[in-house]
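Chemist: Provided below for reference: sequence and predicted model.
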Amino acid sequence: MLKFNPKQEVGFTLLELILIAAVIIALGSIAMVKYSKLPEKARSAEAYAALATIVSAENAYKVDDPNRAYTSNISMLDIDPPASSNFSFTVNSAGSDAAYVTAIGNANTTNSYGMCIKSAKQNNCVGGTGSSCDPGCP
């Protein structure tokens, strides 16, 4: 039977405290690495959602009149122009079947994104602000 000795000191040793601190620091560094990628993933999802909306509207615009070319004026489409603080959206090569939509990153984004109108092919262009992003549409 164990007996309690009131003179015996109770607590953690220095080694145990150092090990606990090391485990907490290791877990914190892993969390920081995982978290650092989340903002760009969210911006990527925002860009692709807006690009898909514009591509769908462009295809509906062309279906209304098959002789009509894709438009470079997003406000002519039957959608509200995407409002984003991270991207500016443009339609490139609007008069051809190789037309594509780009989401050019602003100051706080690291990538730009592109999507073909006819095939919905996507492209992630690393290059940050002001770079064009041609997805290589057929």
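Modeler: That came through, no problem.
Chemist: which residues are in contact with stretch 71-81?
Modeler: 53-54, 57-58, 60-61, 82, 89-92, 94 (C-beta atoms under 8 Å, 6 or more residues apart in numbering). Heads up, the C-betas are built off the backbone N, CA and C, glycines and all.
Chemist: ok, and for the longest helix that the chain contains, which residues are buried?
Modeler: The single longest helix within the chain, with elements called by DSSP state H, is helix 38-64. The neighbour-count check on helix 38-64 (16 or more other C-beta atoms under 10 Å) flags 43-44, 46-47, 50-51, 53-55, 57-58, 61-62 as buried.
Chemist: From the chain's centroid, how far away is that helix?
Modeler: 12 Å (C-alpha atoms, centre = their mean, to the nearest Å).
Chemist: I'd like to know which elements it is packed against.
Modeler: strand 87-92, strand 100-105, strand 111-116, strand 122-126 (3 or more C-beta pairs under 8 Å, 6 or more residues apart in numbering; DSSP states H and E).
Chemist: what about the nearest residue in space to A94 that is not next to it in sequence, how many neighbours?
Modeler: Spatial nearest neighbour of A94, excluding adjacent residues (C-beta to C-beta, 6 or more residues apart in numbering): S72 at 3.8 Å. When counting by other C-beta atoms under 10 Å, one arrives at 15 neighbours for S72.
Chemist: so for the longest helix of the chain, what's the average pLDDT?
Modeler: What helix 38-64 shows for mean pLDDT is 88.
Chemist: for stretch 67-76, same thing?
Modeler: pLDDT averaged over stretch 67-76 gives 84.
Chemist: do stretch 109-120 as well
Modeler: 82.
Chemist: Identify the residue spatially nearest to G95, adjacent ones excluded.
Modeler: With C-beta to C-beta, 6+ apart, the residue lying closest to G95 is A69, at 4.6 Å.
Chemist: Helix, strand, or coil at the one you found?
Modeler: coil (DSSP: H, G, I helix; E, B strand; the rest coil).
Chemist: Distance from the helix or strand where L27 lies to the middle of the chain?
Modeler: L27 belongs to helix 14-36 when assigned by DSSP states H and E. A distance of 28 Å separates the centroid of the chain from that of helix 14-36, by C-alpha atoms, centre = their mean.
Chemist: Cool, thanks, talk later.
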